[in-house]
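K.L.:
no sequence on this one, just coordinates:
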């Protein structure tokens, strides 16, 4: 099972201002392929800007405190944001979490078509996403 840093997600009440900041100060560029892959009908339809530095993606999402309630999930990935890793074996990673007694929210293909996403907390309450691209 491989894990690789994929993206960092920051949440904001003003995504356009945050996007302008990251584009003008850090020279991040738009990552246009992800906008078409978004799913907005499963509990989260907020504005999201997708940027990249050539290696790592940055997802700038509109903060939404109600996602957990609307989806029935314990972990809300768009409350304070999260860090995300991509794996090639989501089942093996879920087994690892189960063996360690770490609870997680299995969102399935919730926000991005073709991505199976799970979210969990680190010991300090930071949200971590692990996802696998479905073949």
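P.N.:
Okay, I see it. The structure presented is a predicted model; accordingly, all values stated were derived computationally and were not measured.
K.L.:
Show residues contacting the longest strand seen in the chain.
P.N.:
For the chain, the strand that runs over the most residues, judged by DSSP state E, is strand 3-12. Under the criterion Cβ atoms under 8 Å, 6 or more residues apart in numbering, residues 18, 56-63, 77-87, 93, 129-131 lie in contact with strand 3-12. Every residue, glycine included, has its C-beta placed from N, CA and C.
K.L.:
quick one, what contacts residue 15?
P.N.:
With contact set as Cβ under 8 Å, 6+ apart, residue 15 has these partners: 46-49, 60-62.
K.L.:
What segments of this structure are strands?
P.N.:
Under DSSP E, the chain gives strands at 3-12, 29-30, 48-52, 57-62, 82-87, 105-108, 115-121, 127-133.
K.L.:
low pLDDT regions in the chain?
P.N.:
For the chain, residues meeting the criterion pLDDT under 70 lie at 36-42.
K.L.:
Roughly how far does residue 58 sit from residue 112?
P.N.:
Distance, residue 58 to residue 112, using Cβ to Cβ, to the nearest Å: 15 Å.
K.L.:
what's the neighbour count on the residue lying closest to residue 127 once chain neighbours are set aside?
P.N.:
Nearest non-adjacent residue to residue 127, counting by Cβ to Cβ, 6 or more residues apart in numbering: residue 82, 3.8 Å away. Neighbourhood size, residue 82 [other Cβ atoms under 10 Å]: 23.
K.L.:
Residue 59: neighbour count?
P.N.:
By other Cβ under 10 Å, the residues close to residue 59 number 25.
K.L.:
got a list of what it touches?
P.N.:
Contacts here follow Cβ under 8 Å, 6+ apart; on that basis residue 59 touches 7-10, 34, 48-51, 84.
K.L.:
likewise residue 65?
P.N.:
For residue 65, the contact set (Cβ under 8 Å, 6+ apart) comprises 76, 79.
K.L.:
How about residue 94, nearest residue that isn't a chain neighbour?
P.N.:
Distances taken as Cβ to Cβ, 6+ apart place residue 118 nearest to residue 94, at 6.4 Å, with adjacent residues excluded.
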